[in-house]
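1. sequence first, then the predicted structure, then my questions.
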Amino acid sequence: MNHQTLSAFIWSVADLLRGDYKPADYAKVILPFTVLRRLDCVLAPTKAAVLAELAVRSQAGVNPDPFLKRKAGQSFFNASPMDLQKLLGDPDNVRANLEAYVQGFSEEVRDIFERFEFAVQIDRLAKSKLLYQVAEKFAAIDLHPDRVTNSQMGSVFEELIRKFAELSNETAGEHFTPRDVIRLMVDLLFVEDDDALTKPGIVRSIYDPTAGTGGMLSVAEEYLTSGGHQAAVRLFGQELNPESYAICKADMLIKGQDVSNIAFGNTLSEDGHVGKTFDYMLANPPFGVEWKKVEKEVRREHDQMGHAGRFGPGLPRVSDGSLLFLMHMLSKMRPHAEGGCRFGIVLNGSPLFTGGAGSGESDIRRHLLENDLVEAIVAMPTDMFFNTGIATYVWIISNRKPDHRRGLVQLIDGSGFGRKMRKTLGSKRKELGEAEIAAITQLFGRCEAADVAITFDAAGKEVDRVAVPEGEAAPAPPVGGRVKIAPLSRLLPTTAFGYRTITVERPLLDELGRPVTFEKGKNKGKPQPDSALRDTENVPLSEDVQAYFEREVLPHAPDAWIDPAKTKVGFEIPFNRQFYVFEPPRLLEEIDADLKLVTDRIKAMIAELAA
């Protein structure tokens, strides 16, 4: 049973709820019942053994919990004699029995249902006389891991959340990231460490500060425990949304992870993993969301702790907090002396260039680049996410760069690798297949400049796209077709993104056109600047300021000077500029010919109408 079929079956429960529940509230019933049935199926094979063990340990007067977990073969258990099937045998007491069944779970699971506010829904369903029918529906599904894998189950939850979000006009993308995007990020994260990850006995920690339903953690774990990899994996995360947190925690329980490593709350204002550092991290923080609600706590930490806290490099504007998550992750990097860390984070375009020299955003980029922490930035295709079609970028950050990457930043234009989906899902109209993910990962792994040769047929339709080393000859075009060469991967020194913003002053003139000078103070006798003529220039760090000034400014303003007290250092990453390809305009004769064809067609149509 694939996840689309399974989620469609679960979705049929909505037919029962229609009328008594608003569509936006369906999730309050369907999500916790899906989790309940999953846990119910996981524990079913050991149910009898657990109850027998409970009787023995209770008679002996010892705490039965550790013994029950061992018998269950899980990090959780249920001590109630009930299960979903038995509930159906007593229709008159289904509410009381269901409440007792949920309370029979170990503490970790009870917390999950408290986050769902499941008791409220049980009461509401009972009053609507729907509780038995809903329980009956879910009892009919087999969600045992032998039938539905953890990966499939994760996809089921994400599909359901997406549908509920569409019904309630919420953004599903706040809760999870498309699996193809996660797979690309995971491959980029681990490709340079493949050899080390195949050695037996290694333990690796992975952290997601915006965990959602746990998709990123799950895909990363699958990678590290398959394909010859032998790492033991410890998963950590934090999530703000109660329902997403509950689903993530349930998923971690079934995987045998320590669910105390999944924290609840706002990562920016209440760090759930104070003092901890990690080997790898992944995150897809919300795009363009303001951080006004946590501004007081964030500013206090920035002002009082500086670089000893999480937000030392600077603070972005309040309207977009995505760079706060990046800085939070910087503070969670395992130190280089202890093995170092690499992480991937999805950001929109604004963190690349927003904010001039001296701004918080620029200072954060300066911290990243001057400390040589940026390995690569990959431009993603548009229309890749469920809730937005904007351009997005995957940043790969590391404090243990290999020697051949030191002092360099790799920019990869992956925007042309997306393929159209047969069926759109919200704003998601494109996807990355295995071939596209492999192609981008290989570009990153090779760490070299490359171009892409795009072949078009005679009709102008793209038929092929091949990466070629920079400067290498392109393949021959087909008959009547053409081949376009465009930059695909670029390697640039970290200093290429820095600049100095200099302030250029011009003298204030009196009525006779003479410069007005200061009459006292340290500037006595010097010309006063005219604020109306004040201007700024950005000078690349690689260039001498005075030489630039003499070449670019003085020929046009011989009386100008630089105010050195106002000079600021800034950093930006003009990604699109590195991949811009000039397209020469069409010949005038071709345009005239096209216009004549259109004009003649219009004249013919008018003549037909007149006739």
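-> Received it, and whenever you're ready, just let me know what you need. Residues are numbered from 1 along each chain as shown.
2. show me the shaky parts of the stretch 151-300 of the chain.
-> Where the stretch 151-300 of the chain drops to pLDDT under 70, the residues are 167-175.
3. 80 instead, please
-> 159, 162-176, 227-230 (pLDDT under 80).
4. quick one: the helices in it?
-> 179-190, 194-197, 215-224, 242-255, 295-305 (DSSP state H, counting those that start in this stretch).
5. contacts for the last one next, please.
-> Contacts of helix 295-305 from elsewhere in the structure, counted by Cβ atoms under 8 Å, 6 or more residues apart in numbering, are Leu268, Ser269, Glu270, Trp291, Gly309, Arg310, Phe311, Gly312, Leu315, Val318, Leu324. No exception for glycine: its C-beta is placed from N, CA and C like everyone else's.
6. coming back round to it: quick one: which of the helices of the stretch 151-300 of the chain is nearest Ile485?
-> Closest to Ile485 of these, according to Cβ to Cβ: helix 179-190, at 24.4 Å.
7. verify the stated contact: Met153 with Leu143.
-> Yes - taking Cβ atoms under 8 Å as the definition, Met153 is a contact partner of Leu143 at 7.2 Å.
8. name the residues contacting each of those two.
-> With Cβ under 8 Å, 6+ apart as the test, Met153 and Leu143 both reach Arg38.
9. skipping adjacent residues, who's closest to Lys255 in space?
-> Distances taken as Cβ to Cβ, 6 or more residues apart in numbering put Asn150 closest to Lys255, at 6.2 Å, once the chain neighbours are dropped.
10. and the one you found, how far from Glu448?
-> As judged by Cβ to Cβ, to the nearest Å, Asn150 and Glu448 stand 37 Å apart.
11. which one of those two is surrounded by more residues?
-> Shown here are Asn150 and Glu448; by other Cβ atoms under 10 Å, Asn150 has more neighbours (16 against 13).
12. sec struct for Lys420, please.
-> Secondary structure assignment for Lys420 (DSSP: H, G, I helix; E, B strand; the rest coil): strand.
13. so what's it scoring on pLDDT?
-> pLDDT, Lys420: 90.
14. check contacts around it.
-> Arg429, Lys430.
15. quickly list what it is bridged to.
-> Assessed by DSSP bridges, Lys420 has beta-bridge partners Lys430.
16. and it, how far from Ile437?
-> Taking Cβ to Cβ, one finds Lys420 at 16 Å from Ile437.
17. neighbouring contacts of the lengthiest strand in the chain?
-> When the chain is parsed with DSSP state E, its longest strand is strand 482-493. For strand 482-493, the surrounding residues in contact (Cβ under 8 Å, 6+ apart) are 407-413, 443, 447-456, 467-468, 470, 474-477, 578-579, 581.
18. adjacent strands (with direction) for it?
-> When DSSP bridges is applied, strand 482-493 pairs with strand 408-413 (antiparallel), strand 450-456 (antiparallel).
19. highest average neighbour count across the ones you listed?
-> strand 408-413 (a mean of 22; mean count of other Cβ atoms under 10 Å).
20. pLDDT of it, averaged?
-> So the average pLDDT for strand 408-413 ends up being 96.
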